[in-house]
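Trainee: Please find the sequence and the predicted model below.
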Amino acid sequence: MTADAMLDIRKLNKRFGGLAIFSDLNLTVGKGELRCIIGPNGAGKTTLFNLITGRLRSDSGEIRFEDRDICRLPVHEITRLGIGRKFQAPSVFEEMTVWDNLIVAGTGHRRARRLFTTRLESDLAERAERVLDSVRLAPRRDELAGSLSHGQKQWLEIGIVMLNDPRLVLLDEPTAGMTVAETAETADLIQEVFKDRTAIIIEHDISFVRRLDSRVTVLNRGGVMKEGSFEEVAADAAVRKAYLGEEA
Ligand SMILES: Nc1ncnc2c1ncn2[C@@H]1O[C@H](COP(=O)(O)OP(=O)(O)OP(=O)(O)O)[C@@H](O)[C@H]1O
């Protein structure tokens, strides 16, 4: 494992019956890196997140997170080690305020206000304040989450993932269902929130990937097809053919 790697995937194999999703997949993400993963439908992007977070087991290979192989660990243990994940669809409690959504996520309890007494919980309040600011929702803190726009609900979910200060964050299509303006603002927000942090983002929206200006990995047919800057990837004839359906 290279010294500055946060995640180092080596010779990972995964099949679903006769379908080989990954054949000796190698992928390294450095500490402090923001990495985009793109690829055609069915390339295995979500499966990769499921393997990293322990929801699925690989057939063989290694997934090293910092200094240990996490391949056979249960989901809760992987979460405890510091891997946070945001799923594609927002699942905030719409009938609760933005603030209470954060507190509930931090305490795991829906009667958040009544429980909010100990020092431990005031530490949570401090973290929630910081997160609220970073996801641009401080002015909306006392409003019901149900009154937020779709994009703002996604930001609240990013905030919920950030509450526990994960060392590696996995975001699955954070701009799904957003307007063009929301997508652009989300790219800026993600750049700020993950400035000195490590995150892997699955994304279909090419305008978002371009704006994010981070290293891009293209998954296709069992492995990494191409890796590089957005410009390098976008200029690659084979990528254009596989991903954009263009003739090489
Ligand atoms: N648990 C499972 N059992 C069997 N097949 C599965 C399972 N999960 C995913 N697959 C199949 O594996 C392939 C990869 O799926 P995956 O969802 O990882 O792709 P993806 O790149 O995330 O696609 P999309 O861009 O459409 O979200 C697909 O053909 C899918 O049908």
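Mentor: That came through, no problem. Residues are numbered from 1 along each chain as shown.

Trainee: who's in contact with the most centrally placed residue in the chain?
Mentor: Nearest to the mean C-alpha position of the chain, by Cα atoms, centre = their mean, lies Leu171 at 1.7 Å. Leu171 is in contact with Arg85, Lys86, Ile158, Val161, Ile190, Ala199, Ile200, Ile201, Ile202, counting by Cβ atoms under 8 Å, 6 or more residues apart in numbering. Glycine gets a C-beta too; all of them are placed from N, C-alpha and C.

Trainee: give me every residue that touches Glu62.
Mentor: Counting by Cβ under 8 Å, 6+ apart, Glu62 touches Asp8, Ile9, Arg10, Lys11, Leu12, Asp69, Cys71.

Trainee: For the nearest residue to Leu51 once chain neighbours are set aside, grab the count of nearby residues.
Mentor: Of all residues not flanking Leu51 in the chain, Ser58 sits nearest, at 5.5 Å (Cβ to Cβ, 6 or more residues apart in numbering). Neighbours of Ser58 under the rule other Cβ atoms under 10 Å: 21.

Trainee: What residues does the protein have near the ligand?
Mentor: Contacts of the chain with the ligand, taken as Cβ under 6 Å from any ligand atom, map to Phe16, Ile21, Gly39, Asn41, Gly42, Ala43, Gly44, Lys45, Thr46, Thr47.

Trainee: what's the neighbour count on the first one?
Mentor: Going back to what we said before, that points to Phe16. That count, for Phe16 with other Cβ under 10 Å as the rule, works out to 10.

Trainee: Kindly state the pLDDT recorded for it?
Mentor: pLDDT for Phe16: 94.

Trainee: What does it show for phi and psi?
Mentor: Per-residue torsions, Phe16: phi -110, psi 100 (degrees, to the nearest 10).

Trainee: Give me the distance from the helix ranked longest in the chain to the chain's centre.
Mentor: In the chain, assigned by DSSP state H, the helix with the most residues is helix 119-134. The chain centre lies 21 Å from the centre of helix 119-134; the measure is Cα atoms, centre = their mean, to the nearest Å.
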